[in-house]
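Student: Requesting a structural model of the entry that follows:
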Amino acid sequence: MRSRSPQAAWPQAVCPGVGCARQRAAGEAGRPVPAGGGLCAVCRVRLVRELDGLPGLYEELGRRLGGGQGVRERVSGGALPHMPFNTAAAEARSAVLGVLGSWAALVADERGERAPAVRAAGALARFVLRHADWLAAHPACGALSQEVADAVRRGRQVIDPGTARNVAVGGCVESGCAGSLVAVVGAGGGRPAVITCDADPAHRWAGHQWLQLSRRLTTTPTAPAASAAPAASAAGGLGAGGGQAGRDTGSRAAGGVRWLSAADIARLWGIAPGSVYRHASQQEWRRRSVAGRTGYHEADVTRTLNGRSPARG
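Tutor: Below you'll find the predicted structure:
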């Protein structure tokens, strides 16, 4: 548990929640804190949703203890020392319990409440959720938001190892929505990216819709102006490893044409790189090379692939 300040006057003018922190990391302004301080409405909703999901995540991780991704041999303790043991799942479970236990203790100390006698994820989460409004206005609410998000991300990566990272995109393009868009980028080549809103789960786009979404980001009045930067690099920011190849082929040339690398296309549509080259050859996609890296014309790519299921090659 990170060190936390005692209850005091609110120290900052922008929301310290994890969603707003990602906005600032992407070069945008974070949402302002409400009257009296604390998390903005969007980050409060996210915090409650993630806290509510921690017991289920804890139980699902428990079902992964006997093997799976991250399996190692147990070297000490237990009646069956040679049975496989998923250390990653055990560590993620410990992180969930640690976050819930530490914040339950803070509530008990500062509010004079009695924390659950049993150190169980369900009981601790219910206790913390009963005090969610108070915690969301606490000077340490930023740490709470970050720690809960970290525990959720760590657990999900154990359950679904293909989930590699989240990429901040910009403000949500839907009218009246104050949320932020995040691209969930899988580590493997067989899974397309997904763009989601942290305020409304219904605001969701598949990876192959990224190019159209990026145009809305650059033209929607509700999206901060700074969001044009991640939008302009679109698929380049999601390509395998990012890097210069993504910046060259995922950016617009003179005349507004966007050129996509094979890695970008494979990730956005969830197809194998070999299928990209096959389509490029069969459909005679226009291409250009920059510093030895090949990009394909966006219009040709979308014409071929948008009518296909992302799961197909």
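Student: Check the burial of Arg130 by counting its neighbours.
Tutor: Arg130 has 12 neighbouring residues, counting by other Cβ atoms under 10 Å. For every residue, glycine as well, the C-beta is placed using N, CA and C.
Student: What separation is there between it and Ala108?
Tutor: 12 Å (Cβ to Cβ, to the nearest Å).
Student: same thing with Arg286?
Tutor: Arg286 is 64 Å from Ala108, by Cβ to Cβ.
Student: got it, and Val42?
Tutor: For Val42, the distance to Ala108 - Cβ to Cβ - is 28 Å.
Student: repeat for Ala88
Tutor: 30 Å.
Student: now Leu51
Tutor: Leu51 is 16 Å from Ala108, by Cβ to Cβ.
Student: same question, Leu213
Tutor: Counting by Cβ to Cβ - Leu213 and Ala108 are separated by 44 Å.
Student: now the strands: where do they sit in this structure?
Tutor: Secondary structure of the chain (DSSP state E): strands at 71-73, 84-86, 163-171, 180-186, 194-197, 204-206, 259-260, 287-290, 293-297.
Student: what about Leu213 and Ala108, which has more around it?
Tutor: Leu213 (20 against 15).
Student: thinking the more buried one is in contact with Ile195, fair?
Tutor: Yes: counting by Cβ atoms under 8 Å, Ile195 is a contact partner of Leu213 at 6.3 Å.
Student: between those two, what contacts are shared?
Tutor: Taking Cβ atoms under 8 Å, 6 or more residues apart in numbering as the criterion, Leu213 and Ile195 both touch 181, 205.
Student: ok now do Pro55, which residues does it touch?
Tutor: 121-122, 125.
Student: oh, I was asking about Gly30
Tutor: Counting by Cβ under 8 Å, 6+ apart, Gly30 has contacts 14-15, 20-21, 23-24, 40.
Student: Which of the residues you listed fall in helices?
Tutor: 20-21, 23-24 (DSSP state H).
Student: Now the buried members of these.
Tutor: 20-21, 23 (16 or more other Cβ atoms under 10 Å).
Student: How about Gly62, nearest residue that isn't a chain neighbour?
Tutor: In space, and not counting its chain neighbours, Gly62 is closest to Arg93: 6.4 Å by Cβ to Cβ, 6 or more residues apart in numbering.
Student: Just the pLDDT at the one you found, thanks.
Tutor: Note for Arg93: predicted pLDDT of 93.
Student: and what of the one 3 residues further on?
Tutor: At Val96 the predicted local confidence, pLDDT, stands at 95.
Student: now do the one 3 residues further on
Tutor: At Val99, the model reports a pLDDT of 93.
Student: How about Glu298?
Tutor: Value for Glu298, per-residue pLDDT: 85.
Student: Arg204 now?
Tutor: For Arg204, the predicted pLDDT is 84.
Student: Return the residues in contact with the closest residue to it other than its chain neighbours.
Tutor: Nearest residue to Arg204 in three dimensions, chain neighbours excluded: Thr196, at 5.1 Å (Cβ to Cβ, 6+ apart). Counting by Cβ under 8 Å, 6+ apart, Thr196 touches 181-182, 184, 203-205.
Student: Which of the residues you listed are buried? Put it as a PyMOL command.
Tutor: To isolate the buried members of those in PyMOL, using 16+ other Cβ under 10 Å:
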select buried, resi 181+182+184+203+205
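Student: Widest-spaced pair of the contacts of Thr196?
Tutor: Val184 and His203 (13.4 Å; Cβ to Cβ).
Student: State the pLDDT value of Arg165.
Tutor: pLDDT at Arg165 comes out at 62.
Student: for Val148, that is, sorry about that
Tutor: At Val148, pLDDT is 94.
Student: Leaving out chain neighbours, which residue sits closest to it?
Tutor: Glu50 (5.0 Å).
Student: Could you pull up the contacting residues of Val48?
Tutor: Counting by Cβ under 8 Å, 6+ apart, Val48 has contacts 129, 132.
Student: ok, now how distant is it from Ala88?
Tutor: For Val48, the distance to Ala88 - Cβ to Cβ - is 27 Å.
Student: what do you get for Asp133?
Tutor: In terms of Cβ to Cβ, Asp133 sits 34 Å off from Ala88.
Student: Which residue of those two possesses the greater neighbour count?
Tutor: Ala88 (21 against 13).
Student: Just the helices from the protein, written as ranges.
Tutor: 18-25, 41-62, 87-111, 121-130, 132-136, 141-159, 210-219, 228-233, 243-249, 262-269, 273-282, 298-305.
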